[in-house]
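Asker: Provided below are the primary sequence and the corresponding predicted coordinates.
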Amino acid sequence: MTKSKDTRVTIALECTSCTRKKTGNKSSGISRYTTRKNRRNTPTRLELKKYRPYCCKHTSHKELKK
């Protein structure tokens, strides 16, 4: 049987430096990644540097609220 409160959860990371901007008819979009983290080892919100293809550089991505 599985536990109701798993230690590993799936989280979403969103880019913090870029915002959704519409330039003409084209939208740059919001960069989101999904990953898994261990609740016991990392109880605080996760922040990682990930590649953002729209900006063509690495930016800071923070965990979203559920």
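Answerer: Okay, I see it. These figures come from a predicted structure and were not determined experimentally.
Asker: is it true that Ile11 touches Leu64?
Answerer: Yes. Contact criterion CB atoms under 8 Å: Ile11 and Leu64 qualify, at 7.2 Å. No exception for glycine: its C-beta is placed from N, CA and C like everyone else's.
Asker: Which one of these two is surrounded by more residues?
Answerer: Set side by side, Ile11 and Leu64 show more neighbours around Ile11, with 15 against 11, by other CB atoms under 10 Å.
Asker: Bridge partners for that one, pull those for me.
Answerer: Thr35 (DSSP bridges).
Asker: Go ahead and flag the most central residue of this protein.
Answerer: With distances taken as CA atoms, centre = their mean, Leu13 lies nearest the centre of the chain, 0.6 Å away.
Asker: For the residue lying closest to that one once chain neighbours are set aside, give its distance to Arg8.
Answerer: In this structure, Leu13 finds its nearest non-sequential neighbour in His61, 3.9 Å apart by CB to CB, 6 or more residues apart in numbering. Distance of His61 to Arg8, given as CB to CB, to the nearest Å: 19 Å.
Asker: And the two? Which one has more around it.
Answerer: His61 (23 against 10).
Asker: who's in contact with the more buried one?
Answerer: Counting by CB atoms under 8 Å, 6 or more residues apart in numbering, His61 makes contact with Leu13, Glu14, Cys15, Thr16, Ser31, Tyr33, Glu47, Leu48, Lys49, Lys50.
Asker: mind redoing it with 6 Å?
Answerer: By CB atoms under 6 Å, 6 or more residues apart in numbering, the residues touching His61 are Leu13, Cys15, Leu48, Lys50.
Asker: Please put the alpha-carbon coordinates of the helix or strand harbouring Val9 into CSV.
Answerer: Taking DSSP states H and E as the criterion, Val9 maps to strand 8-15. Taking C-alpha atoms only, strand 8-15 is exported to CSV below (Å, rounded to 0.1, in the frame of the first residue of the first chain):
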residue,chain,number,x,y,z
ARG,A,8,8.7,12.9,-3.1
VAL,A,9,6.3,15.4,-4.8
THR,A,10,6.2,16.9,-8.3
ILE,A,11,6.6,20.7,-8.4
ALA,A,12,6.5,23.4,-11.1
LEU,A,13,9.2,26.0,-11.5
GLU,A,14,8.5,29.3,-13.2
CYS,A,15,10.9,32.0,-14.5
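Asker: Cheers, nothing more for now.
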